[in-house]
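Chemist: 3D, please:
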Amino acid sequence: MAFASVRSSTLLGVQGKEVDVEIHVGMGLPGFTIVGQPDEACRESRDRVRAALLSCDLPWPNRRITVNLATSVHERKGGAGLDVAIAIGLLIVQDVLPNEVGERFAFISELGLDGTLRPVAGVVPLVAAIDDRVVVVAQECEREARIAARNEVVCAQTLAHVVKCLMGEAQWTPAQPRGVIGAAPPTADMKDVRGQAVARQALEIAAAGAHHLLLVGPPGAGKSMLAQRMSSILPPLSNEEAVATTIIHSAAQSPLPPSGIITLPPLRAPHHSTSLVAMVGGGSTTMRPGEISLATNGVLFLDELGEFAPTVLDALRQPLEDGVVRLARAKSSVTMPAKFLLVAATNPCPCGEGMPGVCVCDDSAKKRYLRRFSGPLLDRFDLRVAVSRPHVDELLADTPAESSQVIAMRVLRVRQLAMLRSGCLNSALSADLLDEFAPLTTDAAALLRYHLERGRLSGRGYHRIRRVARTIADLLSTSDHSTDQIDESHIATALALRVGVHPQLNGDKL
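Modeler: Okay, here's the model as predicted:
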């Protein structure tokens with residue numbers, strides 16, 4: 001027959017899209033053409049496939065060959081993962097393989113010039129896109145491919161091996177023994193932090209309720225040390241979260257753990273010189289996930305927040321609210337997950353000290369520095385905590401601080417309580433759910449009204465204070481079904497943990 005169709009998939013953002021690789025061999029001058037919006041890597045498959053077929057003593061049709069990459073959406077197709085599908089299609093049209101092969105199998109792998117099957121980037125979402133066929137991949141990515149596979153996954157070493165297996169003359173390469181590979185425990189532990197009782201409390205509240213946290217203080221106060229330990233007090237990922245996180249990291253070609261699946265919350269800490277595209281994702285040719293997507297189900301730590309470009313910081317505002325980032329380019333548009341816990345650290349002024357009598361910055365320098373932080377961005381931080389340098393007695397104390405494991409148990413209890421009560425974490429409570437699950441006492445409502453009337457709280461800040469107060473009440477509660485009212489002490493604590501970035505310039509505005 002002169003026509004064959006073989007299933008494969010291509011990557012768009014962090015999602016795999018099914019591709020039907022259609023092969024037609026007909027009359028005309030010998031040639032090889034790929035249509036269907038292929039990228040450069042796809043067009044180069046002509047030479048890789050030809051060399052692989054000849055290296056494996058398989059025939060190459062000396063006729064006019066047309067390859068069409070057919071999908072349900074008209075998007076650009078990229079990557080070298082279509083090589084094997086093209087090679088199998090060429091063998092089907094030459095009657096080397098039966099037509100049923102294209103109906104039962106899908107192929108995702110790059111071909112080496114000697115016919116070896118090579119791994120491709122993003123194999124997890126690529127395999128997840130195929131739900132009705134056995135998927136053939138390279139042996140090196142078999143472990144990853146099985147994570148999100150909807151059907152059977154088999155692997156082979158060479159194109160000749162694939163052909164023999166499809167003809168029933170050989171067996172697929174056995175799956176690699178999995179064994180039991182435990183997740184490596186976090187190396188950073190909260191017991192290393194001396195003093196900083198308020199900041200430690202803020203970290204625990206932020207982890208328990210998934211509240212965004214800003215640490216403000218001079219150099220050497222321990223802001224970075226605290227923030228880097230946030231992921232150590234978060235509970236392990238659920239199965240669904242682990243698969244979703246692994247898919248994102250696989251699509252971004254980030255290294256995966258030996259087990260092949262990410263089970264602990266990721267911690268991303270991009271440098272302050274990170275560009276807008278690197279932070280939010282995108283690109284001109286390939287739509288790749290950025291740092292905010294790689295931090296999904298984990299922590300995004302922005303150290304030296306004042307050194308980031310204002311455009312990069314303001315780009316975080318929409319993902320912080322929606323939990324996704326929507327990217328549109330001339331030829332494609334994608335939606336990528338961006339549900340992360342934001343932890344940032346900054347100095348109060350350019351010199352870093354910020355205290356009268358010690359700070360050497362004039363008012364104009366302070367104002368220029370603070371203009372880097374837009375009001376809407378600062379308003380999205382549920383917790384804004386002033387961190388000072390620990391006292392000498394705290395640094396030299398022999399008594400060990402509370403470990404991350406102990407704190408993580410309390411965090412897990414509060415998260416389970418919130419999910420049981422409202423079906424979401426406290427930071428995601430809507431205004432209606434706040435009235436139902438976080439009712440205020442008369443004194444608490446009066447305290448919030450006092451701050452609202454003096455312009456110290458915006459409407460968004462009002463709701464965020466109530467959400468933080470709900471988490472504080474849950475941490476203090478001994479019941480597993482806490483529906484108690486939020487009293488004045490809970491609101492006062494939440495307000496105390498929402499200080500101005502620079503009290504000397506902002507007054508007492510929260």
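Chemist: from here on, contacts and neighbour counts on C-alpha atoms
Modeler: Will do.
Chemist: can you pull the buried residues of stretch 23-32?
Modeler: Within stretch 23-32, the residues that qualify as buried are Ile23, His24, Val25, Gly26, counting by 16 or more other CA atoms under 10 Å.
Chemist: out of the residues you listed, who's nearest Leu97?
Modeler: In terms of CA to CA, no member of these lies closer to Leu97 than Ile23, at 13.7 Å.
Chemist: Pretty sure Pro236 sits against Pro265.
Modeler: Yes. Assessed by CA atoms under 8 Å, Pro236 is found in contact with Pro265 at 6.4 Å.
Chemist: Looking at those two, which has the bigger crowd around it?
Modeler: More neighbours surround Pro265 than the other of Pro236 and Pro265, with 24 against 19 (other CA atoms under 10 Å).
Chemist: Next, show the common contact partners of Pro236 and Pro265.
Modeler: Common contact partners of Pro236 and Pro265 (CA atoms under 8 Å, 6 or more residues apart in numbering): none.
Chemist: what's the farthest-apart pair in the buried residues of stretch 23-32?
Modeler: Ile23 and Gly26 (10.0 Å).
Chemist: can you count the residues close to Gln201?
Modeler: Residues near Gln201, counting by other CA under 10 Å, number 14.
Chemist: What separation do you get for it and Leu497?
Modeler: Going from Gln201 to Leu497 by CA to CA, to the nearest Å gives 9 Å.
Chemist: Below-threshold pLDDT in the stretch 151-300 of the chain: ranges please.
Modeler: Under the criterion of pLDDT under 70, the regions of the stretch 151-300 of the chain flagged as low confidence span 176-187, 284-285.
Chemist: Walking through it, point out its strands one by one.
Modeler: Here the stretch 151-300 of the chain has its strands, by DSSP state E, counting those that start in this stretch, at 153-156, 213-216, 267-268, 281-282, 288-289, 299-302.
Chemist: ok, the fourth one: who's next to it in the sheet?
Modeler: I take that to be strand 281-282. Strand pairing for strand 281-282, determined by DSSP bridges: strand 288-289 (antiparallel).
Chemist: now do the last one
Modeler: Looking at strand 299-302 with DSSP bridges, its paired strands and their directions are strand 267-268 (parallel), strand 341-346 (parallel).
Chemist: Could I get those strands in a markdown table, plus columns for distance to Thr399 and mean neighbour count?
Modeler: Formatted as a markdown table, the strands paired with strand 299-302 follow (distance: least, CA to CA, whole Å; neighbours: other CA atoms under 10 Å):
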| stretch | distance to Thr399 | mean neighbour count |
| --- | --- | --- |
| strand 267-268 | 29 | 22 |
| strand 341-346 | 27 | 24 |
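Chemist: can I get the ones you listed in CSV with distance to Asp363?
Modeler: Converted to CSV, these look like this (distance: least, CA to CA, whole Å):
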stretch, distance to Asp363
strand 267-268, 34
strand 341-346, 18
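Chemist: of all those, which lies closest to Ala438?
Modeler: strand 341-346 (21.8 Å).
Chemist: chain center to that closest one: distance?
Modeler: Relative to the centre of its chain, strand 341-346 is centred 16 Å away, using CA atoms, centre = their mean, to the nearest Å.
Chemist: continuing past that strand, what's the next helix or strand?
Modeler: Sequence-wise, the next helix or strand downstream of strand 341-346 (DSSP states H and E) is helix 363-370.
Chemist: in that next one, what's buried?
Modeler: Result for helix 363-370 [16+ other CA under 10 Å]: buried residues Lys366, Tyr369, Leu370.
Chemist: Keeping just the C-alphas, turn the following helix or strand past that helix into PDB.
Modeler: Downstream of helix 363-370, the first helix or strand assigned by DSSP H and E is helix 375-379. Output in PDB follows, covering the C-alpha atoms of helix 375-379 (Å, rounded to 0.1, in the frame of the first residue of the first chain):
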ATOM      1  CA  GLY A 375       1.100  48.000  45.800                       C
ATOM      2  CA  PRO A 376      -1.000  45.300  44.100                       C
ATOM      3  CA  LEU A 377       1.900  42.900  44.400                       C
ATOM      4  CA  LEU A 378       2.500  43.600  48.100                       C
ATOM      5  CA  ASP A 379      -1.200  43.300  48.700                       C
END
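Chemist: Need the contact partners of helix 375-379.
Modeler: Residues contacting helix 375-379 (CA under 8 Å, 6+ apart): Leu313, Asp314, Leu316, Arg317, Arg460, Gly461.
Chemist: Excluding sequence neighbours, find me the nearest residue to the second one.
Modeler: Distances taken as CA to CA, 6 or more residues apart in numbering place Leu377 nearest to Asp314, at 6.6 Å, with adjacent residues excluded.
Chemist: Over to the fourth one?
Modeler: Leaving aside its sequence neighbours, Arg317 sits nearest to Leu377 (CA to CA, 6+ apart; 6.0 Å).
Chemist: Please list all residues in contact with Met419.
Modeler: Leu425.
Chemist: host element of it?
Modeler: helix 404-422.
Chemist: what helices or strands is the helix or strand that that helix is followed by leaning on?
Modeler: Sequence-wise, the next helix or strand downstream of helix 404-422 (DSSP H and E) is helix 431-437. If contacts are counted by 3 or more CA pairs under 8 Å, 6 or more residues apart in numbering; DSSP states H and E, helix 431-437 sits against helix 404-422, helix 459-476.
Chemist: distance between the ends of stretch 89-99?
Modeler: 9 Å.
Chemist: what's stretch 450-470 in contact with?
Modeler: Counting by CA under 8 Å, 6+ apart, 205, 209, 211, 379-380, 382, 426-427, 429, 431, 434, 438, 448, 486, 490-491, 493-495, 508-510 sit against stretch 450-470.
Chemist: Swap in 7 Å and give it another go.
Modeler: With CA atoms under 7 Å, 6 or more residues apart in numbering as the test, stretch 450-470 has contacts from 379, 382, 426-427, 429, 438, 486, 490-491, 494-495, 509-510.
Chemist: hey, C-alpha coordinates of it in CSV?
Modeler: Output in CSV follows, covering the C-alpha atoms of stretch 450-470 (Å, rounded to 0.1, in the frame of the first residue of the first chain):
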residue,chain,number,x,y,z
TYR,A,450,-11.3,50.0,62.8
HIS,A,451,-8.4,49.2,60.4
LEU,A,452,-10.6,49.4,57.3
GLU,A,453,-12.0,52.8,58.2
ARG,A,454,-8.4,54.2,58.6
GLY,A,455,-7.3,52.9,55.2
ARG,A,456,-4.9,50.4,56.6
LEU,A,457,-6.5,47.5,54.8
SER,A,458,-7.8,47.2,51.2
GLY,A,459,-10.7,44.9,50.4
ARG,A,460,-8.3,42.2,49.3
GLY,A,461,-6.3,42.7,52.5
TYR,A,462,-9.4,42.3,54.6
HIS,A,463,-10.2,38.9,53.2
ARG,A,464,-6.5,37.8,53.4
ILE,A,465,-6.4,38.8,57.1
ARG,A,466,-9.5,36.6,57.7
ARG,A,467,-8.0,33.7,55.9
VAL,A,468,-4.7,34.0,58.0
ALA,A,469,-6.8,34.3,61.2
ARG,A,470,-8.6,31.0,60.2
